[in-house]
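Visitor: Here is my input; please provide its structure:
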Amino acid sequence: PMHCHPERSLSRHHRERRTPGEILRSLLAESSEQSQEQSVEASCIAVLQSLVPDEARILAALSDGSGYPMINVLASARLGLTGFPMLEYVSTVGRSAGVLTPALTPAYVRHLAFWGLTETAAEDPTKRTDYEILETNDAVRKVLARIEKGGERGRIVRRTLRMSDLGHAMWDMCQADSGV
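Guide: Numbers count the residues shown, from 1 in each chain. Next up is the predicted model:
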């Protein structure tokens, strides 16, 4: 079984101040000496150390397999079929998770998606009211108004936010260590 032990697994390059070249050489040397388990553990630690507490709350909310409504706002030419994202990752997950700064939920979810800890699925038709509430969000309305003012067409895409398989694997690994 794999475990997260930040105090034991912290790479040498994280413990002391070094130049970028020294850090790279240290990482390359370390990679040739570590086992697959140590490699996975080091990756887990790097991800966790990059998160803020509100992002951890979101992961906890997603960890039970729940899906949360999420919308993206796209802008496209009046006759265009494809859209350019103007606002992404607006979701109810932040409020449900009890994040301390709900306005930052899109940034939190973007960061979790960057690490591959979340994924999106099709719209959940049973949560129609939640999507409608998201669509009345001030940030969403402002972006839609800005798009329309610029002569483009604004379109809202409804999705469902979930924890990815990688996110579940990392969550399970950490739970095995903590007994949570």
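Visitor: Most remote residue from the middle of the chain, which is it?
Guide: Ranked by distance from the centre of the chain (C-alpha atoms, centre = their mean), the top residue is Leu79, with 32.4 Å.
Visitor: Wasn't Arg95 part of a strand?
Guide: No - applying DSSP: H, G, I helix; E, B strand; the rest coil, one finds Arg95 to be helix, outside a strand.
Visitor: Now for it: which residues touch it?
Guide: Contacts for Arg95 (C-beta atoms under 8 Å, 6 or more residues apart in numbering) come out as 102, 105. The C-beta positions use only the backbone N, C-alpha and C, and glycine is treated the same way.
Visitor: where's the residue nearest in space to the middle of the chain relative to Val90, distance?
Guide: The residue lying closest to the centre of the chain (C-alpha atoms, centre = their mean) is Leu112, at 1.6 Å. With distances taken as C-beta to C-beta, to the nearest Å, Leu112 is found 14 Å from Val90.
Visitor: One more: Ile133?
Guide: Here Ile133 is placed at a distance of 10 Å from Val90 (C-beta to C-beta).
Visitor: quick one: which of the two has more around it?
Guide: Using other C-beta atoms under 10 Å, the more surrounded residue of Ile133 and Val90 is Val90, with 22 against 13.
Visitor: Using the three-state scheme, assign the more buried one.
Guide: Secondary structure, three-state DSSP: Val90 is strand.
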